[in-house]
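Asks: quick one: sequence plus predicted model below, questions after.
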Amino acid sequence: MYLLKISKQGSVIEDDGVFGIPEFKEVLETSGLGTKGLMFVCYVTDYDSPYRHFTLEERLKAVAKDLFDNYDWKGIKNKKIATAILKYTQLQYDPLDAQLAAFNEKIVEYTNLMNNTSINMENATEMQRLMVGVDKVLATRQTLLDAIERRGERSKIAGDRELSYLETLQSQKNV
């Protein structure tokens, strides 16, 4: 994961500055949430989550099922979880990754639309236009993926924190 680290045993590594973020500390210290609650936040929100390819609605249910064995886990509606998700989203925000996530969700919507629409004489032209549009969306998505790849892995600095955008640019100039 990007912001928080999850051990191979499946728990949040708490020495990674987690308690310094009040929203995360609240989740960790709340009975019935704790480490699993914070893992829920990570898996639902993180750009590098293994669930990242699901739409938000599907991701909420899949993560709840996998962590709590319940698609309708009541913690989804918990204010502390919602606040932690918002904080996580703010802390990890990256414009390229945010755009990629938006494109991925739209591609899923296009795919569902095409799967649920039969082609007939009345809508054949419209469906063809839709397919051309999807091709353009996929090309733009690939451009984003290329930009993300050129950016490289997220670099770490002392204290296990990320380099800022300006620090990254400066370090690339010094090479």
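Replies: Thanks, I have it. Numbering: from 1, shown residues only.
Asks: centroid residue for this structure?
Replies: Within the chain, the residue whose C-alpha comes closest to the C-alpha centroid is Tyr47; the distance, by C-alpha atoms, centre = their mean, is 3.4 Å.
Asks: from Leu145, how far off is the nearest residue to it once chain neighbours are set aside?
Replies: If you skip the residues right next to it in sequence, Tyr47 has Asp97 as its closest partner in space, 4.4 Å away by C-beta to C-beta, 6 or more residues apart in numbering. In this view, the C-beta of every residue, glycine as well, is placed from N, C-alpha and C. As for Asp97, its distance to Leu145 is 11 Å (criterion: C-beta to C-beta, to the nearest Å).
Asks: give me the more crowded residue out of the two.
Replies: Asp97 (19 against 13; other C-beta atoms under 10 Å).
Asks: okay, helices next: where are they in this structure?
Replies: 22-29, 34-45, 56-68, 79-92, 95-115, 124-151, 165-173 (DSSP state H).
Asks: residues contacting the residue lying farthest from the centre of the chain?
Replies: Here the chain reaches farthest from its C-alpha mean at Met121, the gap being 39.9 Å by C-alpha atoms, centre = their mean. Residues counted as contacts of Met121 (C-beta atoms under 8 Å, 6 or more residues apart in numbering): none.
Asks: isn't Gly34 up against Leu28?
Replies: Yes: assessed by C-beta atoms under 8 Å, Gly34 is found in contact with Leu28 at 5.9 Å.
Asks: which of the two has more neighbours?
Replies: Counted by other C-beta under 10 Å, Gly34 and Leu28 do not tie: Leu28 has more neighbours, with 20 against 14.
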